[in-house]
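In: With the sequence up front, the predicted model follows.
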Amino acid sequence: MKGKGIFCQTTAATNEEYRKELKRKNWIMALIGVLGLAASVIAAVAWKSESAGLPDYMVGVYCGMGTGITLGCLILIGRNLLLFRDEEKLKRSRLENSDERLRQISGLAIRAAVLVMMIAALAAGLIGGIFYPILIKAFLFILYVFLFSYLIACRVYDKRM
């Protein structure tokens with residue numbers, strides 16, 4: 001599979017359209033990167049001041065997650081900036097990410113992954129709910145958010161297409 005990820009697909013017909021799309025994605029990644037950095041800094045400050053009472057493990061999770069998100073966004077922004085410098089690489093990337101077959105494969109893979117994720121979350125909620133009843137409430141909340149967002153997305157895309 002030549003595609004570079006589930007969020008890399010494009011419908012851009014020209015390099016200029018693709019360049020604009022990548023610039024927009026760079027801004028979104030920069031925002032997400034700043035949020036990741038903020039999560040790391042807030043967790044570190046809370047740990048240092050001991051005001052939040054966070055266990056060391058959770059501080060590590062928040063710092064690691066924030067740092068990973070920030071670094072990942074920086075790497076993707078850097079990759080896009082390198083693409084902007086070479087018109088041939090930009091064209092190759094656009095063609096690879098606009099392949100119809102890859103979009104179909106990605107759609108099927110996302111459906112399978114969502115199904116597996118929902119089954120795993122259900123199992124974790126039901127089994128964990130025996131010991132911690134809040135887990136089943138958390139699972140149901142996530143399930144409701146997923147279902148309502150799916151219904152809203154279906155209506156929005158139905159009207160757009």
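Out: That came in fine, so what should we check first?

In: only C-alpha atoms for contact and neighbour calcs from this point on.
Out: Will do.

In: List the contacts of the closest residue to Arg94 other than its chain neighbours.
Out: Counting by C-alpha to C-alpha, 6 or more residues apart in numbering, Arg94 lies nearest to Tyr18, which is 6.5 Å off, once chain neighbours are set aside. With contact set as C-alpha atoms under 8 Å, 6 or more residues apart in numbering, Tyr18 has these partners: Thr10, Ala12, Arg94.

In: Now rank those by neighbours and give me the top one.
Out: Neighbour counts for the contacts of Tyr18, by other C-alpha atoms under 10 Å, peak at Arg94, which reaches 23 neighbours.

In: looking just at contacts, which helices and strands does the helix or strand harbouring that residue meet?
Out: Taking DSSP states H and E as the definition, one finds Arg94 inside helix 87-97. Packing partners of helix 87-97 (3 or more C-alpha pairs under 8 Å, 6 or more residues apart in numbering; DSSP states H and E): helix 15-49, helix 56-85.

In: what would the ones you listed look like in CSV with mean pLDDT and distance to Leu143?
Out: Output for the helices and strands packed on helix 87-97, formatted as CSV (pLDDT from 0 to 100; distance: least, C-alpha to C-alpha, whole Å):
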stretch, mean pLDDT, distance to Leu143
helix 15-49, 91, 24
helix 56-85, 92, 23
